[in-house]
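[1] Dropping a prediction and its sequence here:
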Amino acid sequence: MGKEIIGRGAEAVIILENNLVIKDRVSKSYRIKEIDEKIRKQRTKAEKKLLEKASKIINAPDPFPLENNFQIKMPFIEGEKISEILNSLSVKEQKEICKIAGQEIAKLHDAEIIHGDLTTSNMILGTSCGFFNSQPRSLRIKWFPALAKSLTVPASQRQEVVEGGSNKKIPSGAGGRELVNVGEPKIFFIDFGLGFISNKVEDKAVDLHLLKQALEAKHFENWKILFEEIEKGYAKSKDSEKVLERLKAVEKRGRYK
Ligand SMILES: Nc1ncnc2c1ncn2[C@@H]1O[C@H](COP(=O)(O)OP(=O)(O)O)[C@@H](O)[C@H]1O
Ligand SMILES: [Mg+2]
């Protein structure tokens, strides 16, 4: 299988090779070589550690051991970037996704992980997971009817799959195993390049503030109700009240800056 560049950010090139993603922090010619290497090495190591920690708590790609100071190798998350699909979903679906995102962020924050770049571009709505990876594409679960459009299976079958819920069996070839959680969308968080460890209410509030701004900018039609859903999901965090209170202060500060 060949290599394919699937992303190019400010710091890194993202390469897809054999169903693995390689995030390669490229050198910057404006930096002195020694410093450049030190920075890239540090950031690679830091992001790998955060991914490792996060992937034990939420859906995030669990990185492989580092083979190279500047590259993180991790599983490819098959799915749709939330930034790219959210606006095309029904409001009910949009709300559902945001509530789950809020719950997942609560888990991260309770584990003292600050993502640092919570935008909908760094969230992937997974369309395959676990043993589904070994199923033909036509059987993989698409949670939302709006996404099911791209499936090649006939509508009748598709309906069965989409409505499968948690107690339907795979029709054939999977040993009759129960589908676990197929009724629920799975949100994967990627890109912990700006992340860090902190248990400060302030850091958590700023993390949420960035997400609120991202919703406002990219999903402006419903951003207010969508952020309310994030807050509802986030209420599961042990510090949610303090963090959401602090968020108001962060916003005020932003306005008068
Ligand atoms: N594990 C992954 N699975 C699928 N796509 C990924 C994965 N990691 C990165 N990508 C893709 O590459 C893009 C850039 O990766 P990201 O880690 O967000 O880097 P950057 O710091 O440049 O934003 C993402 O928006 C996503 O499309
Ligand atoms: Mg990114």
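    It's in. Ligands and ions are numbered 1, 2, ... in the order given.
[2] near ligand 1, which residues of the stretch 151-257 of the chain show up?
    190-191, 193 (CB under 6 Å from any ligand atom). In this view, the C-beta of every residue, glycine as well, is placed from N, C-alpha and C.
[3] let's see it at 8 Å
    Counting by CB under 8 Å from any ligand atom, the positions of the stretch 151-257 of the chain adjacent to ligand 1 are 188, 190-194.
[4] quick one: which of those residues has the most company?
    Top of those by neighbour number is Phe192, holding 28 neighbours under the definition other CB atoms under 10 Å.
[5] Let me know the secondary structure of that one.
    Here Phe192 is recorded as coil under DSSP: H, G, I helix; E, B strand; the rest coil.
[6] What's the per-residue pLDDT of it here?
    For Phe192, the model assigns a pLDDT of 97.
[7] Next up, the contacts around it.
    Going by CB atoms under 8 Å, 6 or more residues apart in numbering, Phe192 touches 47, 50-51, 54, 60, 113, 115-116.
[8] Which members of these are positioned in strands?
    Ile113 (DSSP state E).
[9] farthest-separated two in the contacts of Phe192?
    Ala60 and Gly116 (13.4 Å; CB to CB).
[10] These two: which has the busier surroundings?
    Comparing Ala60 with Gly116 by other CB under 10 Å, the one with more neighbours is Ala60, at 27 against 19.
[11] Burial check on Lys232, number of neighbours?
    Neighbours around Lys232, by other CB under 10 Å: 15.
[12] Which one of the residues of the stretch 151-257 of the chain next to ligand 1 is nearest to ligand 1?
    Taking CB to the nearest ligand atom as the measure, ligand 1 lies nearest Asp191 of those, at 3.2 Å.
[13] Confidence-wise, which helix or strand of this structure is lowest on average?
    Ranked by mean pLDDT, DSSP states H and E, the weakest helix or strand in the chain is helix 155-162, scoring a mean of 37.
[14] Let's verify Asp24: helix, strand, or coil?
    strand.
[15] where does the residue lying closest to Lys41 once chain neighbours are set aside land on pLDDT?
    Spatially, and ignoring its direct neighbours in sequence, Lys41 is nearest to Asn69 (4.4 Å; CB to CB, 6 or more residues apart in numbering). The score at Asn69 is 96. That number is its pLDDT.
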